[in-house]
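**Q** Here is a sequence together with a model predicted from it:
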Amino acid sequence: MPRGMPRWSAPDDARLRALHAEGCSQHQAAERMGRSRTTVYRASARLGLAWDRSRTQAAVAAVAVDVQQRRSALEAALLGEAERTLAQLRQPQTYFAWAGKGRAPVEHTTPEPMPADQLRLMQAAGLAIDRALKIAQHHNQTTDPAPGIRVIFTGENDLR
């Protein structure tokens, strides 16, 4: 209890019951009474007051939907980036070589990127695909696709 804060008393119990009857949330009751949420929570438990949590539950559900939409957009963006990166494997690539001090760069174009560049492109595409799959896996683990059906992941990419 903070210094200078009066002890919880019978009038506080009565006021908390009145705020509860008005339909205030625990947070609102704590603000109106000038008490901490923990103090109000403990007093509510002691008094047997059950608070309406429907607005909180609705807000949490709305946030979950928003997060899932953002996750789906990120998954799509990662797959699109992987597709663009893989397309670069078969496109002509221009390279520049510096001939030395005071000389202009020499430019040459190859039908495909050099093997080292192809490796880097494959690694980048693989990383984007892997992250997109992890997002999809997380979605499958946190949602029930249909009543009575469970998606079980036993390994990194194992789906049963």
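**A** Looks like it came in fine. Numbers count the residues shown, from 1 in each chain.
**Q** make it CA atoms for all contacts and neighbour counts henceforth
**A** Fine.
**Q** residue nearest the centroid of the protein?
**A** V67 (5.7 Å; C-alpha atoms, centre = their mean).
**Q** what does the model give it for pLDDT?
**A** What the model reports as pLDDT for V67 is 91.
**Q** again, but for D130
**A** pLDDT for D130: 96.
**Q** Which strand or helix spans it?
**A** Using DSSP states H and E, D130 sits within helix 115-142.
**Q** from the chain's centre, how far out does that helix sit?
**A** 18 Å (C-alpha atoms, centre = their mean, to the nearest Å).
**Q** could you say what helices and strands that helix packs with?
**A** Applying 3 or more C-alpha pairs under 8 Å, 6 or more residues apart in numbering; DSSP states H and E, one finds that helix 115-142 contacts helix 54-87.
**Q** per-domain residue ranges of the protein.
**A** 10-47, 62-142 (automatic domain parsing).
**Q** Pipe the ones you listed into JSON lines and attach distance to T56 per row.
**A** Formatted as JSON lines, these follow (distance: least, C-alpha to C-alpha, whole Å):
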{"stretch": "domain 10-47", "distance to T56": "9"}
{"stretch": "domain 62-142", "distance to T56": "10"}
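**Q** Of these, which is nearest R55?
**A** Closest to R55 of the domains of the chain is domain 10-47 (C-alpha to C-alpha; 9.3 Å).
**Q** quick one: buried residues of that closest one?
**A** 13, 16-17, 19-20, 24-26, 29-30, 35, 37, 40-41, 43-44 (16 or more other C-alpha atoms under 10 Å).
**Q** and of those residues, the nearest to Q123?
**A** The closest of those, once distances to Q123 are taken by C-alpha to C-alpha, is R37, at 50.5 Å.
**Q** Right, I'll leave it there.
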